[in-house]
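Enquirer: Compute the structure for the input listed below.
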Amino acid sequence: GVYASGFFQLNPEVPLFEALSEKYIATPEMFAQAYGALDKKPVYMLMPYFSGLECTVDVACMDGLIVSAVVRTKYKDGTQMLELEHPCIELAKKFVAHFACSGIVGIQFIQDQQGEWLALEINARASGGIGYTMATGVNIAAVLIDETLRKQKHKIFIQGRKWTESKVLIRSVSTAITLS
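Expert: Coordinates of the predicted model:
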């Protein structure tokens with residue numbers, strides 16, 4: 001889920017107080033006891049925990065081919081590196097081709113302990129952070145619209161600029177306001 005909502009890391013060696021003070025981390029025994037006390041038990045899927053970097057490949061694609069892609073690698077300090085060249089784009093091409101995707105797609109990857117990129121999921125929708133990709137000068141939605149109209153022998157003007165940097169570092173900023 002968003003920001004690890006519904007995700008728990010089970011670690012048999014985590015100190016009890018750390019498990020109490022950290023979100024989404026528990027010993028297997030703590031989790032089992034808490035889960036057992038629930039009246040309505042949600043279904044959980046178990047999978048290995050990977051502590052490596054996570055990235056999302058935001059893709060504009062048509063008929064199983066990538067038209068444009070921007071990779072957002074998420075760092076532990078809350079920043080994201082946006083890149084137009086990244087090894088996960090090649091992996092994303094395989095998924096887009098296999099599923100014959102068309103539209104805006106978000107594909108998430110995570111690194112294992114050896115640094116290999118593994119697929120987490122493919123979403124047939126825009127990801128929540130797709131707006132950040134504009135910082136690279138690539139407007140994923142506009143690229144897809146332009147490509148669609150080009151295939152239909154129409155042409156539109158997309159306002160934009162030629163971006164010379166292939167990497168951009170961003171930090172999301174949250175602002176709280178009081179409504180009266």
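Enquirer: for the protein, where's the lowest mean pLDDT among helices and strands?
Expert: Ranked by mean pLDDT, DSSP states H and E, the weakest helix or strand in the chain is strand 167-171, scoring a mean of 64.
Enquirer: isn't there a helix covering L149?
Expert: Yes: L149: assigned to a helix according to DSSP: H, G, I helix; E, B strand; the rest coil.
Enquirer: Surely Q33 forms part of a strand?
Expert: No: Q33 is assigned helix when assessed by three-state DSSP, not a strand.
Enquirer: what number of residues lie near it?
Expert: Q33: 11 surrounding residues under other CB atoms under 10 Å. For every residue, glycine as well, the C-beta is placed using N, CA and C.
Enquirer: how much space between A97 and L53?
Expert: Computed with CB to CB, to the nearest Å, the distance linking A97 and L53 is 25 Å.
Enquirer: and stretch 95-106, how far out from the chain's middle?
Expert: Offset of stretch 95-106 from its chain centre (CA atoms, centre = their mean, to the nearest Å): 15 Å.
Enquirer: With stretch 32-42 instead?
Expert: 29 Å.
Enquirer: try stretch 70-90
Expert: How far stretch 70-90 lies from its chain's middle: 9 Å, per CA atoms, centre = their mean.
Enquirer: before we move on, what about stretch 18-28?
Expert: 24 Å.
Enquirer: Give me the residues contacting that stretch.
Expert: With CB atoms under 8 Å, 6 or more residues apart in numbering as the test, stretch 18-28 has contacts from 4, 7-12, 14, 16, 30, 34.
Enquirer: Now, these that are in helices?
Expert: Of those, the ones assigned to helices by DSSP state H are 16, 30, 34.
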